[in-house]
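My questions are about this predicted structure, shown below with the sequence.
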Amino acid sequence: MPTPVRTRFAPSPTGYLHVGGARTALFSWLFARKNGGQFILRVEDTDEARNTEEARNAIFSGLRWLGLDWDEGHEADGDCGPYFQSERQDIYTRWFQKLQDTGRVYEDDGAWRFRFERKPITMHDLVCGEVTIDYTDASNTPDMVVRRSDGSFVFHFVNVVDDLEMKMTHVIRGEDHLMNTPKHLQLIEALGETPPAYAHIPLIMNADGSKMSKRDKGAAVHEYPERGFLPAAVVNFIALLGWSPKDDSELFPLSELIDRFSLEGINRSPSRFDWDKSMWLNQQHLLKLTPQAFAEAALPYVRSAGLDPTDQFPAIAASVQEKVQLLAEVPEAIRFYLREGVEFDPAALEKLAGNESAPTLLASLATSFRALPDWSSPKDAIAATATAAGAKPGQLMFPLRVALSGKTGGPDLDAILTILGRDESIRRIEQTVSTLQNA
RNA sequence: GACCCGUUCGUCUAGUGGUUAGGACUCCGCCCUUUCACGGCGGCAACACGGGUUCAAGUCCCGUACGGGUCGCCA
């Protein structure tokens, strides 16, 4: 029986969750899930000065929002805890003792340095292939500090110890760690342990190719729910940034991503954000939602825009499901349903004003609406009214749309008529007629 | 500067010696739709450059250029 796969995500809580970090987490998570292994969340909070509670929570909530659950770590079980490095001092001290016993560390200015073996180090990276770094020349690769003069341990040491202690089989991390790997390999070799397999993934860049930093659009994971993205769409999008299923498919729910994922599909070159495509992908995921699920997803955005959803909301939301790319667009798309009367989009009103027959047609439409026995087929009344006035139904459709919604585009007229109801529809038509006459 | 990784349409990518270099986003047409959007069809658009190797190179090798990464008592 093969050793069960164990991967981890090991962020340090010094800011918000970065989208590059999220993708690293995603790939590690996918690899673990794909292979029936475990995914561990370890918080590397050794830099007390820079750690914040807020940053820690951003990591947890970001991962949860994306749907990346962890088997061991904060608020989860696990035999390899604690999962915060700040609570693992005893473990590091013990391993440091072991390292001292090998005679490979020496004191320097109160700190402890690890003496590298002066030889070429070759790693077999699962993504980069075979990479050799020459450690022969000490001036290029000075012995590294593993323990500071204040007694604390540096990243390289704790990271290696934890990966060993937590029995990692695969370390999937950003390419910025590639040059650290020989250091880690040397440490592990000195300790007489077996290293995990490494996979270094290329970084994500801004749309213009520049390095993505904190302030850049899309850098922070928490920005995505704010902008109206679905977690599944974000996961789908970042997975496609640097990974390919090797065929033409590209629309994946999480479950299928797990199925299709493999390290071989990871690219070697940094990729750039393509905002148009991320929004398109979000729209595709939105389209796949049931109308109920869509309404539910849209509700918070509607509320926070100050709109008060009525009991008609399910129908209202359904009418705009295929009109928006982001959930944050929903409030604007449905606002016209919920307000008193019509507010005209200037361009729409102008277009309507240019139509000389509109006021007359609309006025007689209001009359025939009023005469309808019921509201089951207002469309027949539209056709009849137009015909009676010697016009085509199409000549009445556009004015009616503007009269009801104030806009040139939007949901099907049928849906608008049904949702608004007879009284409100008539009211808006008459409001429009008088607006037109007074103009 | 040294070392490491990379380079196919504007962007994300398929492609593992012989392809009309494929798909997707964007953009532009047309169709569907009495709106918009969705959907369908079509179009524009790429192998960074220079040398090799080979009957044959986007695919292999070497340079150059460009991009990225790393060179801490940060992680």
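Sure thing, it's come through. All values reported here derive from a predicted model rather than from experimental measurement.

Name the secondary structure element that contains the closest residue to A:Glu107 other than its chain neighbours.
Nearest-residue entry for A:Glu107: A:Arg113, 7.8 Å, with adjacent residues in sequence omitted and distances by Cβ to Cβ, 6 or more residues apart in numbering. All C-beta spots, glycine's among them, are computed from the backbone N, C-alpha and C. Under the criterion of DSSP states H and E, A:Arg113 resides in strand A:111-114.

rewinding a little: looking at strand pairing, list the partners for the residue nearest to A:Glu107.
In this structure, A:Arg113 bridges to A:Tyr106, A:Val145 when assessed by DSSP bridges.

Around it, count how many other residues there are.
Using other Cβ atoms under 10 Å, A:Arg113 has 17 other residues around it.

quick one, longest helix in chain A?
helix A:413-438 (DSSP state H).

Over the strand holding A:Arg113, what's the mean pLDDT, rounded is fine.
For strand A:111-114, the mean pLDDT works out to 97.

What strands flank the next helix or strand after it, and is each parallel or antiparallel?
Next helix or strand after strand A:111-114 toward the C-terminus (DSSP H and E): strand A:120-125. Applying DSSP bridges, strand A:120-125 is found paired with strand A:129-134 (antiparallel).

Quick one: low-confidence residue ranges for chain A.
A:1-2 (pLDDT under 70).

redo that, cut-off 50
Counting by pLDDT under 50, chain A shows no low-confidence range.

re earlier: just checking, what packs against the longest helix of chain A?
Applying 3 or more Cβ pairs under 8 Å, 6 or more residues apart in numbering; DSSP states H and E, we find helix A:413-438 packed against helix A:313-320, helix A:330-338, helix A:346-353, helix A:358-371, helix A:378-388, helix A:393-405.

neighbours around A:Arg148, how many?
Neighbour tally, A:Arg148, other Cβ under 10 Å: 12.

Please tell me how far it sits from RNA strand B.
Separation of A:Arg148 from RNA strand B (Cβ to the nearest atom of the strand, to the nearest Å) stands at 3 Å.

before we move on, the earlier item: in this model A:Met144 seems to touch the residue nearest to A:Glu107, though I could be wrong.
Yes - using Cβ atoms under 8 Å, A:Arg113 is in contact with A:Met144, at 6.4 Å.

rewinding a little: can you tell me which of the helices and strands packed on helix A:413-438 comes nearest to A:Val302?
helix A:330-338 (5.3 Å; Cβ to Cβ).

where does the residue nearest the centre of chain A land in three-state SS?
Centre of chain A computed as the mean C-alpha position; nearest residue by Cα atoms, centre = their mean is A:Val234, 3.3 Å away. Classification of A:Val234 by DSSP: H, G, I helix; E, B strand; the rest coil places it in helix.

residues contacting it?
Listed by Cβ atoms under 8 Å, 6 or more residues apart in numbering, the contact partners of A:Val234 are A:Ala22, A:Leu66, A:Val221, A:Tyr224, A:Ser278, A:Asn282.

again, only using 6 Å
A:Val234 is in contact with A:Tyr224, counting by Cβ atoms under 6 Å, 6 or more residues apart in numbering.

ok, now the one 4 residues further on?
A:Ile238 makes contact with A:Arg23 under the criterion Cβ under 6 Å, 6+ apart.

That one belongs to a helix?
Yes - counting by three-state DSSP, one finds A:Ile238 located in a helix.

Can you give me the distance of it to A:Leu362?
For A:Ile238, the distance to A:Leu362 equals 49 Å [Cβ to Cβ, to the nearest Å].

do A:Asp163 as well
72 Å.

now A:Arg401
From A:Arg401 over to A:Leu362 the distance is 11 Å, taken as Cβ to Cβ.

who's more crowded, these two?
The neighbour count for A:Arg401 versus A:Leu362, taken as other Cβ under 10 Å, is higher for A:Leu362 (24 against 20).

Wait, the more buried one touches A:Gln431, no?
No - using Cβ atoms under 6 Å as the test, A:Leu362 is too far from A:Gln431 to be in contact (10.1 Å).

nearest residue to A:Ala384 other than its sequence neighbours?
Per Cβ to Cβ, 6+ apart, closest to A:Ala384 is A:Ser368, 6.5 Å.

Can you tell me the closest non-neighbouring residue to A:Leu66?
Closest residue in space to A:Leu66, ignoring its immediate chain neighbours: A:Pro231 at 5.2 Å, by Cβ to Cβ, 6+ apart.

Can you report how many residues neighbour the one you found?
A:Pro231: 17 surrounding residues under other Cβ under 10 Å.
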